[in-house]
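Q: Give the three-dimensional model of this entry:
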Amino acid sequence: MLSSANPALSNIQIEDDRTSLALEALIQAIADNLFYIQGKFAAIATAHDYYMAVAYTVRDRLLQRWLNTHETYLKEDVRVVGYLSAEFLLGPHLGKNLINLGISELMQQAVESFGLNFESLLAAEEEPGLGNGGLGRLAACYMDSLSTLEIPAIGYGIRYEFGIFDQDIRDGWQVELTDQWLRLGNPWEIARPEAAELVFFGGHTEAYTDTQGRYRVRWVPEQVVRGVPYDTPILGYQTNTANTLRLWKAEAVESFDFGDFNMGDYFGAVHEKIASETITKVLYPNDASTQGKTLRLQQQFFFVSCSLQDMIRIHLRRGQSIETLDQKCALQLNDTHPAIAIAELMRLLMDEHGLEWDVAWQITQNIFGYTNHTLLPEALERWALSLFADLLPRHLAIIYEINQRFLTEVRSRYPGDEERVRRMSLIDESGEHYVRMANLASVGSHAINGVAALHSQLLKQDVLRDFAEMMPEKFSNKTNGVTPRRFMVLSNPRLTNLITSKIGDGWIKHLDQLRQLEQFVDDPGFRQAWTQIKLAIKQDLAAYIQTHNGIVVDPTSLFDIQAKRIHEYKRQHLNVLYIITLYQRLKRNPDLQITPRTFLFGGKAAPGYFMAKLIIKLINSVAEVINTDPDVGDRLKVVFLKDYNVKFAQRVYPAADLSEQISLAGKEASGTGNMKFAMNGALTIGTLDGANIEIREEVGAENFFLFGLKAEEVSALKASGYDPWEYYHNNSDLRAVIDSLAAGDFSKGDPGLFKPLIESLLGRDEYLLLADYQFYVDAQDHVSQVYENPEAWTRMSILNVARIGKFSSDRAIAEYCQEIWHTQPVPVKMAEHIQARCDGFCPL
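A: Take a look at the predicted model:
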């Protein structure tokens, strides 16, 4: 046993310092891992060394459950869900795993026994930036819920070496910095090089006749890449189930060419290594160039091919036949990024496993479900035929065959309707000619779902209307949800403790139990405690802002927060127009009594999206003027919180008084930030868009600040010939705001800085900011009136939390399991020493 100066380690009996959850065992394990894994002793250990030691201590306990989970799945002959997603925005692992293991308090004691600050140690974890926003965060929430509900599952994605960029703000502009999340190592993953798969690119195809006289096709590739899996256990809450997140890294089959090296061609010697590893270097490379488009398609095919080969390998190693693949596996496409999986599975089943077309197609359709996440046409991916032919020649041929057979069905159902045939074709024959990936996913899946009631309705009415008319049985809605383990228990422990003191902790796994809080809504003591917790959290965020932004904000002011990806349709600039409106009111009348507000923004703009980056510059420019104006004082403050990510979000959601969900109706598929804010007691100001509609239905219209045009009104206004100039001329406050921007009042006298934004608003105003402006101003003024009545505001806040139970990711996953995947829970029983029974076989 390792000796230590730590008095807590003296004279203890260790049950098993790799698996025990006892305090003494945790302390011993941290000391052992610091010494034997990090190779450090206390005098020279850094804060990161201690973080790694604690992380390995927790991982040991995960591995015990993880291997028991694998063994159980092998014995039970289960049906497994494969969740295919280009993003998994996991957030930090340590805090979440401690909660799911139920040892947060014990670990805090263990860490503090070494003289360390527990919160500082949690903050030392580097966040894996393996996603861009809501799509990747949803995938992470769903992995948490799959394990919590004891559903056998594997998450498949990409192990990006450099994730979503780190964001800096310089002179008000976003600057992208490399996200080197792996530079100090990742203690949560385990490399599995023995389970590597080979992936082909380019080359040509050859037809031949097999030994049974059947027509076959062989793909002769130009490039072969090895995909190496890295596994991360994903533990459920209060269960023994730990499912696998398997992320693929691209490597060269031959990483070094001695011949080239000896000839003096040093670059050529490592060319194959560079070309192969580039595939998984960066999350979402800019696809403005041909090279960028090629890399994006390579990324998508790479992880899909690895994942499908892996699922088939696992299936066959369990003693199953290839013909039963769809009976034992369900695969979900998380948006259109993995849609090439339809063609790849057909190739694998026919070319590699010898199945005939009809059998392969039935398996393919039965196994796939497709989740659509967008109503924006530009987000429905399509790839040029020329690119497809160069990169994936076999798949293009398969897609042509799928299309020919499918369009024969369409013509049979709708004779003479060639316009419908054109719309439903997998090939867009306009211009350069493209493969439509959403159409491929729709044809090749047995189930298609949207992610909020309105979104699913609009999918059937607009984006996928022809498919919904032809095959209505495929369509359903699965409203998104988020995990309360991360976004309440971990993010907001003070509120969690208050809730648990009143209704117990069952709500953490059954979020609908929050309804019990309604009985305390008129309890003065409970409301006071609720208010005090919110103020304390706001004080913490105010201190952070003063330290990191150099801006002093009043924690008693209304914290009005819009934190999400920066995009024109999300309308951060509508928020800014209102801020300028308030500012101009104060300039006209410095003695005006207004509700003090702190406007907080957070979010990243895509590196190639100029208008979104200009919106960030606008926010910071307006902040610079308002925050330094003595006429304003502490009544208005504007702050842009840079480098917004999951870790930062956990600080922000609990501090919000008002949640800004102000996208144009009919543009946001669902949103999940709206749910996270509401779970933490924020009131929502929003349009009837995405999941806002269902949140309003659940919490009550009287507890939601509604404004703006409805989706059908948006369509009608655009169809009638929307003229933004009309709103500009007819609204003096709006005109004053626009004119002030145009005059350079917020750009140090430069009238040209925000000219592109102004021209966009007055020229086309694609997202109807000017049409919704007055509705928004009126709703915001109502917000101020209500905030002036703290008792009424607190009551509304409590009811928002009490009625948010529908928006748990557990509910969403249960619906997928019942209606799409047809899977059942498989409880995992713990065996203390699984290693003693290991026969060397692991199905993964």
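
Q: Let me see the contact set for residue 397.
A: Residues near residue 397 by C-beta atoms under 8 Å, 6 or more residues apart in numbering: 205, 217. The way it works is simple: take the backbone N, C-alpha and C, and place the C-beta from them, glycine included.

Q: Could you pull up the mean pLDDT of the host helix or strand of it?
A: Counting by DSSP states H and E, the element that carries residue 397 is helix 393-413. Helix 393-413 comes out with an average pLDDT of 98.

Q: what's the distance between the spatially most distant residue from the centre of the chain and residue 717?
A: Distance to the chain centre peaks in the chain at residue 213, reaching 48.5 Å (criterion: C-alpha atoms, centre = their mean). The gap separating residue 213 from residue 717 is 64 Å, by C-beta to C-beta, to the nearest Å.

Q: got it, and residue 790?
A: Using C-beta to C-beta, residue 790 is found at 38 Å from residue 717.

Q: And the helix or strand in which residue 650 is found, what does it pack against?
A: For residue 650, the host element (DSSP H and E) is helix 646-652. Packing partners of helix 646-652 (3 or more C-beta pairs under 8 Å, 6 or more residues apart in numbering; DSSP states H and E): helix 524-549, strand 558-563, strand 597-602.

Q: what residues are up against residue 490?
A: 95-96, 99, 650.

Q: Out of the residues you listed, grab the one that's most surrounded.
A: Within the contacts of residue 490, neighbour counts (other C-beta atoms under 10 Å) peak at residue 95, which reaches 26 neighbours.

Q: Could you list the low-pLDDT ranges of the stretch 251-400 of the chain?
A: 256-258, 260-262, 265-267, 269-270 (pLDDT under 70).

Q: for it, what spans make up the strands?
A: Along the stretch 251-400 of the chain, counting by DSSP state E, counting those that start in this stretch, strands occupy 329-334, 368-371, 382-384.

Q: Let me know the average pLDDT across stretch 155-174.
A: On average, stretch 155-174 scores 96.

Q: Between the strands of the stretch 251-400 of the chain, which one is closest to residue 36.
A: strand 329-334 (39.1 Å; C-beta to C-beta).

Q: Count the neighbours of residue 561 for me.
A: Counted with other C-beta under 10 Å, residue 561 comes out at 25.

Q: Now do the contacts for it.
A: Residue 561 neighbours (C-beta under 8 Å, 6+ apart): 599-602, 652, 655-660, 677, 682.

Q: Please produce JSON lines containing these, extended by distance to residue 252 and pLDDT.
A: Below are these laid out as JSON lines (distance: C-beta to C-beta, whole Å; pLDDT from 0 to 100):
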{"residue": "599", "distance to residue 252": "50", "pLDDT": "98"}
{"residue": "600", "distance to residue 252": "46", "pLDDT": "98"}
{"residue": "601", "distance to residue 252": "43", "pLDDT": "98"}
{"residue": "602", "distance to residue 252": "39", "pLDDT": "98"}
{"residue": "652", "distance to residue 252": "42", "pLDDT": "97"}
{"residue": "655", "distance to residue 252": "47", "pLDDT": "98"}
{"residue": "656", "distance to residue 252": "47", "pLDDT": "98"}
{"residue": "657", "distance to residue 252": "53", "pLDDT": "98"}
{"residue": "658", "distance to residue 252": "52", "pLDDT": "98"}
{"residue": "659", "distance to residue 252": "47", "pLDDT": "98"}
{"residue": "660", "distance to residue 252": "47", "pLDDT": "98"}
{"residue": "677", "distance to residue 252": "45", "pLDDT": "98"}
{"residue": "682", "distance to residue 252": "49", "pLDDT": "98"}
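
Q: List just the nearest of the residues you listed to residue 550.
A: Nearest to residue 550, judged by C-beta to C-beta, of the contacts of residue 561 is residue 600 at 14.8 Å.

Q: sorry, back to before: please check the contacts of residue 561 and keep the buried ones.
A: When those are checked for burial by 16 or more other C-beta atoms under 10 Å, the buried set is 599-602, 652, 655-660, 677, 682.

Q: between those residues, which is closest to residue 36?
A: Among the buried ones among the contacts of residue 561, residue 652 lies closest to residue 36 (C-beta to C-beta), at 38.4 Å.

Q: doesn't residue 643 make contact with that closest one?
A: No - between residue 652 and residue 643 there is no contact under C-beta atoms under 8 Å: 12.0 Å.

Q: Give the buried residues for the longest strand anywhere in the chain.
A: For the chain, the longest strand by residue count, based on DSSP state E, is strand 223-235. Across strand 223-235, burial judged by 16+ other C-beta under 10 Å covers 223-235.

Q: How about the contacts made by residue 761?
A: 573, 724, 738, 769-770.

Q: run the last query once more with 10 Å
A: Residue 761 is in contact with 568, 573-574, 577, 724, 727-728, 734, 738, 741, 754, 767-770, 773, counting by C-beta atoms under 10 Å, 6 or more residues apart in numbering.

Q: roughly how far apart are residue 626 and residue 458?
A: Per C-beta to C-beta, residue 626 is found 37 Å from residue 458.

Q: To which secondary structure element type does residue 744 belong?
A: Put simply, residue 744 is coil when judged by DSSP: H, G, I helix; E, B strand; the rest coil.

Q: Now the nearest residue to it once chain neighbours are set aside, what are its backbone angles?
A: Leaving aside its chain neighbours, residue 744 sits nearest to residue 751 (4.4 Å; criterion: C-beta to C-beta, 6 or more residues apart in numbering). In terms of degrees, to the nearest 10, the main-chain angles of residue 751 are phi -70, psi -10.
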